[in-house]
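Engineer: Based on what follows, work out the 3D shape:
(one chain, ligands or ions: 1)
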Amino acid sequence: MAKALIVYATRTGTTKRIADSIAEGVRSVGVDAEVVDVKNIKSEADLQGYDAYAFGSATYHGEIMQPMKTMLFMAEKANLEGKTGGAFGAYGWSGEAPERIYDTMRNIFSMDMAGNFLKLKSPGLTLATLKVAQDYGLEISQKVKAK
Ligand SMILES: Cc1cc2nc3c(=O)[nH]c(=O)nc-3n(C[C@H](O)[C@H](O)[C@H](O)COP(=O)(O)O)c2cc1C
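Structural biologist: Prediction:
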């Protein structure tokens with residue numbers, strides 16, 4: 001079975017909720033999904049063996065959260081070229097992090113990215129907005145299955 005790894009960085013849990021919803025979308029078409037806190041990715045080995053990767057971070061002070069930045073430097077050495085990718089995150093008003101993660105995955109890791117990154121505004125995350133995250137997971141898994 002194809003497998004997706006969804007890694008999130010969060011301070012107050014909103015980006016984890018988005019990660020969980022993406023995973024639901026991924027699983028809905030029979031692709032396995034693991035959701036992991038970025039703090040539990042300790043080495044490149046933890047990134048091996050998946051067909052798709054979605055990396056997410058909330059935006060603080062216009063930036064990706066530091067643990068996700070550290071993981072991206074690690075992922076540079078994990079040979080993710082050609083793997084399916086997506087990027088996501090919760091934000092309040094500007095939401096730079098998802099786009100920066102997306103651009104890194106595309107330009108540095110040479111991954112096969114979903115059509116866009118996903119950023120969801122909070123507060124106010126509802127079941128309806130989380131459906132958008134499920135759909136994003138669906139898009140990622142459909143790209144995997146098309147290979
Ligand atoms: C100190 C502080 C700085 C923040 N800076 C930004 C920012 O620069 N841009 C933005 O869009 N949101 C900003 N936010 C809002 C968070 O991104 C938003 O609350 C998000 O939902 C947090 O996600 P999390 O629950 O995954 O940590 C900031 C929030 C705090 C408390």
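
Engineer: contacts and neighbour counts: CA atoms only from here.
Structural biologist: Fine.

Engineer: Can you pull the residues of the protein lying near the ligand?
Structural biologist: 10-15, 58-62, 90-95, 122 (CA under 6 Å from any ligand atom).

Engineer: give me the element Tyr8 is part of.
Structural biologist: strand 3-9 (DSSP states H and E).

Engineer: Report how far apart the opening and closing residues of stretch 118-128 are.
Structural biologist: The first residue of stretch 118-128 is 15 Å away from its last residue (CA to CA, to the nearest Å).

Engineer: And it, what's buried?
Structural biologist: By neighbour count with 16 or more other CA atoms under 10 Å, stretch 118-128 contains the buried residues 118-121.

Engineer: Looking at these, which two lie furthest apart in space?
Structural biologist: Farthest apart among these by CA to CA are Leu118 and Lys121. That separation is 10.1 Å.

Engineer: What's the biggest helix in the protein, counting residues?
Structural biologist: In the chain, ranked by residue count with DSSP state H as the criterion, the top helix is helix 127-145.

Engineer: so how far is it off the chain centroid?
Structural biologist: Helix 127-145 sits 11 Å away from the centroid of its parent chain (CA atoms, centre = their mean, to the nearest Å).

Engineer: helix, strand or coil for Lys42?
Structural biologist: coil (DSSP: H, G, I helix; E, B strand; the rest coil).

Engineer: do the same with the one 3 residues further on
Structural biologist: What three-state DSSP gives for Ala45 is helix.

Engineer: contacting residues around it?
Structural biologist: Ala78 (CA atoms under 8 Å, 6 or more residues apart in numbering).

Engineer: swap in Lys119?
Structural biologist: 88-91, 95, 98 are the contacts of Lys119 under CA under 8 Å, 6+ apart.

Engineer: Secondary structure element holding it?
Structural biologist: Assigned by DSSP H and E, Lys119 belongs to strand 118-121.

Engineer: The helix or strand of the chain with the lowest mean pLDDT vs strand 3-9, what angle?
Structural biologist: Within the chain, no helix or strand scores below helix 127-145, which has a mean of 95 by mean pLDDT, DSSP states H and E. Inter-element angle recorded for helix 127-145 and strand 3-9: 140 degrees (by axes from the mean of the first three to the mean of the last three CA atoms, to 10 degrees).
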